[in-house]
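The amino acid sequence is not available; the structure is as follows:
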């Protein structure tokens, strides 16, 4: 079974690029081709198509939306993890202005 014209052209393009980029490897390929030329071509196999990229399957807008949602979820998770990181006080000391009205009786600096 022979190769189609399209397959032969593709192989010729690959061989040309290979010869230009790595002459030593091209020489090895030529030696292999010469040694294997008397052997019968294997039957043609069906090769699965390469998996398409996410944006090719979903489209650019849906991929951008999915990426935005993932980033937003990660930011919310990080904010929740940082806000509950060992602080027993309801009001962090770094936010005194925002929490001035919510000072409790257990605060040492609270004066009614």
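That came in fine, so what should we check first? Computed from a predicted structure; not experimentally measured.

show me where the chain has helices.
5-21, 23-36, 54-58, 60-83 (DSSP state H).

Residue 44: which of the ones you listed is closest?
Nearest to residue 44 among these is helix 5-21; the distance by C-beta to C-beta comes to 9.3 Å. (C-beta placed from N, C-alpha, C; glycine too.)

can I get the helices of the chain in JSON lines with distance to residue 43 and mean pLDDT?
Below are the helices of the chain laid out as JSON lines (distance: least, C-beta to C-beta, whole Å; pLDDT from 0 to 100):
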{"stretch": "helix 5-21", "distance to residue 43": "14", "mean pLDDT": "85"}
{"stretch": "helix 23-36", "distance to residue 43": "16", "mean pLDDT": "85"}
{"stretch": "helix 54-58", "distance to residue 43": "31", "mean pLDDT": "75"}
{"stretch": "helix 60-83", "distance to residue 43": "39", "mean pLDDT": "90"}
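
Format these as a markdown table; extra columns: mean neighbour count.
Shown next, in a markdown table, are these (neighbours: other C-beta atoms under 10 Å):
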| stretch | mean neighbour count |
| --- | --- |
| helix 5-21 | 11 |
| helix 23-36 | 11 |
| helix 54-58 | 12 |
| helix 60-83 | 10 |
